[in-house]
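>>> coords please:
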Amino acid sequence: MRRFEVALLLSACALCAVSCNSCPENCESPDGLFRELRNSLSRAAVVYLPGSEEFEAATTRWSELDTPTVNVVVVPATEDDVVDTVRQANNCGVPILTFNGVHGSITTLVAQDGKTATIGGGASSKTVTDALWASGKQTVTGTCECVSYLGPALGGGHGWLQGHHGLIADQFVSVNIVLADGSRQTIDSSSDLWWAIKGAGHNFGIVTSVIAKVYDIEHRDWAIETLIFSGDKVQAVYEVANKYLSNLPVDITNWSYWLNIPDADPDRPVILFYIIQEGVTVVDPAYTSPFRDIGPISSEAKSGSYRDLATWTEVAVDLPPCQKAGLANPRFPIYLREYDVAAQREAYDTFAANVGENSPFSASIFMFEAYPQQGVRAIDSELTAFAFRNENLLTAPLLTYKPAGKELDDQAARIGNQLRDIIYRSSGHKELHAYVNYAYGDEKPENWYGYEQWRRVRLRGLKQKYDPEGLFNFFAPIG
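Purely as a prediction, here's the structure:
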């Protein structure tokens, strides 16, 4: 049975000394907390302490930037294990970070009635996709196979099928959640917390399972055209993208990356450009021909099924982006309505100047994601904590490097924010809208959750009601 982990962070004894007048005996050391947890959890649950190989494997992160200090890791086997872990953490005044990354589910994914499925809290996007596909069903998941189903969902969650059905969070029918007080509740649209779960859910508890909408597979055929352009074509590429790939039809998705591919261009980053179409075996030339006319270095057409998309776009579970390789991977996201061609040129030149062969950031990429928006916009923005339903493009530089101290971390932050600022200054927006699941961490809550005052008031009120001590404050806190 594959699982997610619950990490108990920082020094238990130190935290108890600060937060309690009398420190409970089991808080005096990680060993004491370990014993209490082992006595209270189910037989199938596992608890790891520092020094073990299992602890090291469980706490290794995809991005090694500002990694938290973990004292105890709990691998729950049941939803009640999560309840017991939260209660023990509360007794000790120890904060919690829940993560699942590339792990599977603590409960089996079960189809209910042909319209919904129960999905465990640790299920990966690939697990969900494969299990549903075998039953002739599908739902909106994240695009990257190794990413968990619920991680992106709690921040809204973009996916290949969002043009039809909306965000991942829009598929929720009900949620089992362990709250900060250690209680386990099932919440749905009748709960005041329902609104917050869909866009800011990581601030309110540990979601152990959800019932989500599923759909009959409408199209088994998918096709992709992959084009590679040299950097001098950057303005032409995005000018044509504005003309032919804005307000995408429901069956078209467009991604592009800037990255180093020495075999294509040994001197500067190239533009790797994907046009993906659903329900066909060849992408409609109406979309591909204008880009071929620009003069790419290469172009390649493929056909297959929905399950091939992650491999085609290089985010499959067995490919390098899904591996934990001890690298730092900060991103600096910004939503856009359309490309500013001059800004794309400036950003490309700045990116190229900082990611050359001899740079510590040579493995970095600049990401541009354009999904169909019909299903996302069909839902009133006021109905969810996810606020940015009117944006067309999700962009983010991703600075990848081997950690080597604060100076290099600071350099990465300067480059990433410089690149984002170039795009932001040209956008004409007075507000910086940032996808919370890609957040770097120096953004403000309004950048993640919306600038409307009522949103901030509502989120803070719910936080005070459900997590007044800030037990779940590690990821993009509401403030």
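
>>> torsion angles phi and psi at the nearest residue to Leu259 once chain neighbours are set aside?
Nearest residue to Leu259 in three dimensions, chain neighbours excluded: Ile365, at 4.3 Å (Cβ to Cβ, 6 or more residues apart in numbering). To be clear about C-beta, it is placed using only N, CA and C from the backbone, and glycine gets the same treatment. Per-residue torsions, Ile365: phi -140, psi 160 (degrees, to the nearest 10).

>>> isn't Ile365 right up against Trp258?
Yes: using Cβ atoms under 8 Å, Ile365 makes contact with Trp258 at a distance of 6.4 Å.

>>> mind listing what the helix or strand where Trp258 lies pairs with, with the direction of each?
When elements are assigned from DSSP states H and E, Trp258 belongs to strand 252-259. Here strand 252-259 is paired, per DSSP bridges, with strand 270-278 (antiparallel), strand 365-370 (antiparallel).

>>> any chance of those strands in a markdown table, with mean neighbour count and mean pLDDT too?
Output for the strands paired with strand 252-259, formatted as a markdown table (neighbours: other Cβ atoms under 10 Å; pLDDT from 0 to 100):
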| stretch | mean neighbour count | mean pLDDT |
| --- | --- | --- |
| strand 270-278 | 23 | 98 |
| strand 365-370 | 22 | 98 |
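
>>> quick one: Arg184 and Val178 touch, right?
Yes: the criterion here is Cβ under 8 Å, and Arg184 meets it with Val178 at 5.0 Å.

>>> so between those two, which is more surrounded?
Val178 (27 against 16; other Cβ atoms under 10 Å).

>>> against Gly122, how distant is that one?
Distance of Val178 to Gly122, given as Cβ to Cβ, to the nearest Å: 14 Å.

>>> do the same with Asn90
Using Cβ to Cβ, Asn90 is found at 22 Å from Gly122.

>>> higher neighbour count, the two?
Counting neighbours by other Cβ under 10 Å for Asn90 and for Gly122 shows that Gly122 has the greater number, 29 against 15.

>>> can you check my assumption that the more buried one lies in a strand?
No: applying DSSP: H, G, I helix; E, B strand; the rest coil, one finds Gly122 to be coil, outside a strand.

>>> circling back to that earlier point, please compute how far the strand holding Trp258 lies from its chain's middle.
Mean-position distance between strand 252-259 and its chain equals 17 Å (Cα atoms, centre = their mean, to the nearest Å).

>>> run through who's touching that strand.
Applying Cβ atoms under 8 Å, 6 or more residues apart in numbering, the external contacts of strand 252-259 come out as 160, 163, 231, 237, 241, 245, 248, 269-278, 287, 313, 348, 351-352, 364-372.

>>> put the alpha carbons of that strand into PDB.
Coordinates of each C-alpha in strand 252-259 appear next as PDB, following Å, rounded to 0.1, in the frame of the first residue of the first chain:
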ATOM      1  CA  ILE A 252      -6.200  22.600 -27.800                       C
ATOM      2  CA  THR A 253      -3.500  23.000 -25.200                       C
ATOM      3  CA  ASN A 254      -0.200  24.800 -25.800                       C
ATOM      4  CA  TRP A 255       3.000  24.600 -23.700                       C
ATOM      5  CA  SER A 256       6.400  26.000 -24.400                       C
ATOM      6  CA  TYR A 257       9.700  25.900 -22.500                       C
ATOM      7  CA  TRP A 258      12.900  27.800 -22.900                       C
ATOM      8  CA  LEU A 259      15.800  25.600 -22.000                       C
END
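
>>> low-scoring stretches of this protein, by residue?
Residue ranges of the chain with pLDDT under 70: 1-34, 62, 66, 100-112.

>>> now do the domain split for it, please.
If you go by automatic domain parsing, the domain ranges for the chain are 5-99, 110-217, 222-443.

>>> what about the strands in the stretch 251-400 of the chain?
252-259, 270-278, 298-304, 334-336, 365-370, 393-398 (DSSP state E, counting those that start in this stretch).

>>> determine which of those approaches Leu97 most closely.
Proximity to Leu97, assessed across the strands of the stretch 251-400 of the chain by Cβ to Cβ, is greatest for strand 393-398 (21.8 Å).

>>> quick check: buried residues in that closest one?
Neighbour-count burial for strand 393-398 flags 393-398 (criterion: 16 or more other Cβ atoms under 10 Å).

>>> report all helices and strands that it contacts.
In terms of contacts (3 or more Cβ pairs under 8 Å, 6 or more residues apart in numbering; DSSP states H and E), strand 393-398 is packed against strand 334-336, strand 365-370, helix 406-427.

>>> can you list the residues that contact the second one?
Residues outside strand 365-370 that contact it (Cβ under 8 Å, 6+ apart) are 158, 241, 245, 248, 253-259, 269, 331, 347-348, 351, 392-398, 400, 419.

>>> try it again with 7 Å
Here strand 365-370 makes contact (Cβ atoms under 7 Å, 6 or more residues apart in numbering) with 158, 245, 248, 253-259, 351, 392-398, 419.

>>> kindly report the same for the shortest one.
Outside of strand 334-336, the residues that reach it under the criterion Cβ under 7 Å, 6+ apart are 388, 391-395, 420, 423-424, 427, 432-435.

>>> try 6 Å
For strand 334-336, contacts defined as Cβ atoms under 6 Å, 6 or more residues apart in numbering pick out 388, 391, 393-395, 420, 423-424, 427, 433-434.

>>> just how off-centre is that strand within its chain?
Relative to its parent chain, strand 334-336 has a centroid offset of 15 Å by Cα atoms, centre = their mean.

>>> do you know which of the helices and strands packed on strand 393-398 lies nearest Thr69?
helix 406-427 (16.2 Å).

>>> angle of the closest one against strand 365-370?
Angle, helix 406-427 to strand 365-370, by axes from the mean of the first three to the mean of the last three Cα atoms, to 10 degrees: 30 degrees.

>>> can you list the helices and strands that helix 406-427 packs against?
Applying 3 or more Cβ pairs under 6 Å, 6 or more residues apart in numbering; DSSP states H and E, we find helix 406-427 packed against strand 334-336, helix 341-354.
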